[in-house]
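1. the following comprises the amino acid sequence and a computationally predicted model.
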Amino acid sequence: MRAQMTETNRSKGNGRAAELGEWVRSRRLASNVNQRDLAARAGMSRSYLCDIERGRGGQPSLQCLDRIAAALGADRTEILAASGIL
């Protein structure tokens with residue numbers, strides 16, 4: 001039962017985190033960049049980028065969001081809107 005509850009909670013996820021993750025993933029795929037390369041460009045681990053794309057964990061810092069946006073060639077306001085900050 002506990003595993004089922006955990007999975008249910010995980011699948012619901014944090015709405016904003018899921019939106020941010022979907023935005024990052026869609027921009028990354030549109031740029032034809034894999035997770036490892038984007039993570040290297042943004043100065044973070046691939047596993048952390050994967051967590052962001054899957055909507056896991058807490059809200060990334062503004063610095064982290066800025067690095068992801070820059071690595072994707074996106075405007076800061078786009079990623080801040082996707083994360084729910086704007």
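-> Received the coordinates, thanks.
2. quick one: end-to-end length of stretch 42-50, please.
-> 13 Å (C-alpha to C-alpha, to the nearest Å).
3. does residue 64 count as helix, strand or coil?
-> helix (DSSP: H, G, I helix; E, B strand; the rest coil).
4. which non-adjacent residue is nearest it?
-> residue 44 (6.7 Å; C-beta to C-beta, 6 or more residues apart in numbering). Where C-beta positions appear, they are placed from N, C-alpha and C, glycine not excepted.
5. I figured that neighbour hits residue 66, correct?
-> No. Using C-beta atoms under 8 Å, residue 44 is not in contact with residue 66, being 11.7 Å away.
6. between these two, which has more neighbouring residues?
-> residue 44 (18 against 15; other C-beta atoms under 10 Å).
7. what about the lengthiest helix in the chain, average pLDDT?
-> Using DSSP state H, we find that the single longest helix of the chain is helix 15-30. Mean pLDDT, computed over helix 15-30, is 94.
8. how far off centre is it?
-> From the chain centre to the centre of helix 15-30 is a distance of 6 Å (C-alpha atoms, centre = their mean, to the nearest Å).
9. just stretch 60-68 next, same as before
-> 10 Å.
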